[in-house]
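following is a predicted model, sequence given first.
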Amino acid sequence: MFSASIRTKYNIFYLVAALLWPLLKVQFLNGIDGAGRVEMLLMFFAVIINGRRLIKIPNAVFVWGIWIIYSIINSSVKGFHLENVTLIVWAIKSLIFPFITLLVAYRVSLTNYSRVVKAMFVAYLFYLIIGMFGLAEYVEYDDSTRMANNAGNAYFNSLFLLPFYAILAFQQRKIGKILYIIALLLAIAVVLYSGERKALIALFVIIVASIYVIIKQKSKHKFYSAAIVSMIAAVCFFLVMQYSTFGQRMEYSMAESDYSNNLFLKLVGDRAIMYIEGWDFFLHNIWTGIGLTQYAHLSQIGLLLHTEYMVQLCECGIIGSLLFIIFYGSMIKKVIRIRKEPYSKNLFLIYFSFIIAILIINLVSWTYDSADYFAAFGLIFASCAKTKNRSVIIRQS
């Protein structure tokens, strides 16, 4: 019904719009369309234009679809108490929209990987620049000066995706070295200025992996490459800890923690209470949890769980947690497999660093409703599928 060219153009437009629209509407349009009608239209046309191709996906992606269905049913049974939104509207925006974004990214990346990488790099560069115009200073509870954006921490937490797409575009020769360096410096400057800890750690992981890939290509000695990158990383870490808001906040968090005998709880700072309370809720609702978003309704602090791992255990129980593990485990397994292919070793390093960054963010934030991350998941699944098919063809020839 629709040509391949139209499908490709629309799918790339969808991915760019899914990234930029949430920021544009809160920064320039006074938060218009809180019900997510634009997102619904994007999904509607994605289904119409792609048709049945949209559900030709890996089994692991189907597993996440099952997680969504399970979570919606579970929430309807356990109760849903977010203000000013119904369960169905929330589910469409927070669960179904990221999932459709994954499907779209997977479908278009199978046939137009390089175009997707370049488009997403450009989109994230605009995303960073647009967000910079909405930055404002404020003083945090630990007396550190931080930056805020109308999009909240979601803006800063997504910025590590700029160097992720930048290194992929650079590897595909879609951008030059100067543009690549500019993108990295901009991302580092904004995240450092923001004082957002998890965003900086995720950015650090991606950039270290990217630098290693570039140095390794120019050196025949892997040991020297690793040693150089390790030295650069160590120096940068020392400087950041000594002279940045990140270091100030980490030092304050460790010193003021109520959990002096538990290093992990000290590191997660004010999220520690969520782990403690969340674990207690889990023990009383082992199989199905208390239902998505219910922690904010039942806990003493009245906030959403700022940790994906407790979302799964506490709110989704063992059933939801197993589906979560299968999805992430399958993606990790596919990425590890491409390491065996000589032409995909650099992709392995980039993708694996991305997954590590997400797993770190999951410690102190929830990510199940992030279309940004799920678009990258779709690209990774598609790239791994393309690598597998190419390997089969080479072996058979």
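Arrived safely, thanks for sending. Residues are numbered from 1 along each chain as shown.

lowest average confidence, helix or strand, in this protein?
helix 245-256 (a mean of 56; mean pLDDT, DSSP states H and E).

I'd like the next helix or strand past it.
Counting by DSSP states H and E, the next helix or strand C-terminal to helix 245-256 is helix 263-267.

and the next helix or strand after that following helix, what does it pack onto?
Remark: after helix 263-267, the chain's next helix or strand is helix 272-284, criterion DSSP H and E. Applying 3 or more CB pairs under 8 Å, 6 or more residues apart in numbering; DSSP states H and E, we find helix 272-284 packed against helix 263-267, helix 294-298, helix 308-310. The way it works is simple: take the backbone N, C-alpha and C, and place the C-beta from them, glycine included.

which of those sits most buried?
Highest mean neighbour count among the helices and strands packed on helix 272-284 (mean count of other CB atoms under 10 Å): helix 308-310, with a mean of 21.

rounded mean pLDDT for that helix, please.
Across helix 308-310, the average pLDDT comes to 97.

do the same with stretch 200-220
On average, the pLDDT along stretch 200-220 is 80.

got any ranges where the stretch 1-150 of the chain has weak pLDDT?
138-146 (pLDDT under 70).

now the helices: where do they sit in it?
4-27, 37-50, 59-78, 87-91, 97-132 (DSSP state H, counting those that start in this stretch).

indicate which one of the ones you listed is closest to residue 324.
helix 59-78 (6.5 Å; CB to CB).

summarise which helices and strands the closest one is packed against.
Taking 3+ CB pairs under 8 Å, 6+ apart as the contact cut, helix 59-78 packs with helix 87-91, helix 97-132, helix 316-338.

and it, which residues are buried?
For helix 59-78, burial by neighbour count (16 or more other CB atoms under 10 Å) applies to 60-61, 63-65, 67-68, 70-72, 74-75, 78.

and that helix, how far out from the chain's middle?
19 Å (CA atoms, centre = their mean, to the nearest Å).

just to revisit the earlier point, okay, the helices and strands packed on helix 59-78, which one's buried deepest?
helix 97-132 (a mean of 21).

ok, the closest residue in space to residue 176 that isn't next to it in sequence - how many residues close by?
Of all residues not flanking residue 176 in the chain, residue 170 sits nearest, at 7.9 Å (CB to CB, 6 or more residues apart in numbering). Residue 170 has 22 neighbouring residues, counting by other CB atoms under 10 Å.

over to residue 44?
Neighbours of residue 44 using other CB under 10 Å come to 11.

hmm, back to that, could you dump the helices of the stretch 1-150 of the chain into CSV and include distance to residue 151?
Shown next, in CSV, are the helices of the stretch 1-150 of the chain (distance: least, CB to CB, whole Å):
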stretch, distance to residue 151
helix 4-27, 5
helix 37-50, 15
helix 59-78, 24
helix 87-91, 18
helix 97-132, 7
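
nearest to residue 336, of those helices?
Closest approach to residue 336 among the helices of the stretch 1-150 of the chain is made by helix 59-78 (13.5 Å; CB to CB).

quick one: low-confidence ranges for the stretch 251-397 of the chain?
Looking at the stretch 251-397 of the chain by pLDDT under 70, you get 251-260, 342-343, 388-397.

make it 80
Applying pLDDT under 80 to the stretch 251-397 of the chain flags residues 251-264, 266-270, 340-345, 388-397.

the residue nearest to residue 176 belongs to a helix?
Yes. Per DSSP: H, G, I helix; E, B strand; the rest coil, residue 170 lies within a helix segment.

tell me which residues touch it, please.
176-177, 180, 214 (CB atoms under 8 Å, 6 or more residues apart in numbering).

filter these down to the buried ones, ChimeraX style.
If you want just the buried ones from the contacts of residue 170 in ChimeraX, going by 16+ other CB under 10 Å, the selection is:
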select :180,214
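
residue 160 touches residue 198, doesn't it?
No. Distance between residue 160 and residue 198: 9.4 Å, which falls outside the contact criterion (CB atoms under 8 Å).

who's more crowded, the two?
residue 160 (27 against 22).

residue 353 versus that one, what's the distance?
For residue 160, the distance to residue 353 (CB to CB, to the nearest Å) stands at 10 Å.

which residues are in contact with both of the two?
With CB under 8 Å, 6+ apart, residue 160 and residue 353 have common neighbours 205-206.

is it true that residue 375 touches residue 14?
No. Judged on CB under 8 Å, residue 375 makes no contact with residue 14 at a distance of 9.2 Å.

who touches both of the two?
Joint contacts of residue 375 and residue 14 (CB under 8 Å, 6+ apart) are 101, 104.

pick out whichever of these two has more residues nearby.
residue 375 (27 against 23).

ok, the more buried one - contacts?
With contacts defined as CB under 8 Å, 6+ apart, residue 375 is in contact with 15, 18-19, 101-102, 104-105, 120.

how far away is the closest residue to it other than its chain neighbours from residue 277?
The shortest distance from residue 375 to any non-neighbouring residue, by CB to CB, 6+ apart, is to residue 105 (4.4 Å). According to CB to CB, residue 105 and residue 277 sit 35 Å apart.
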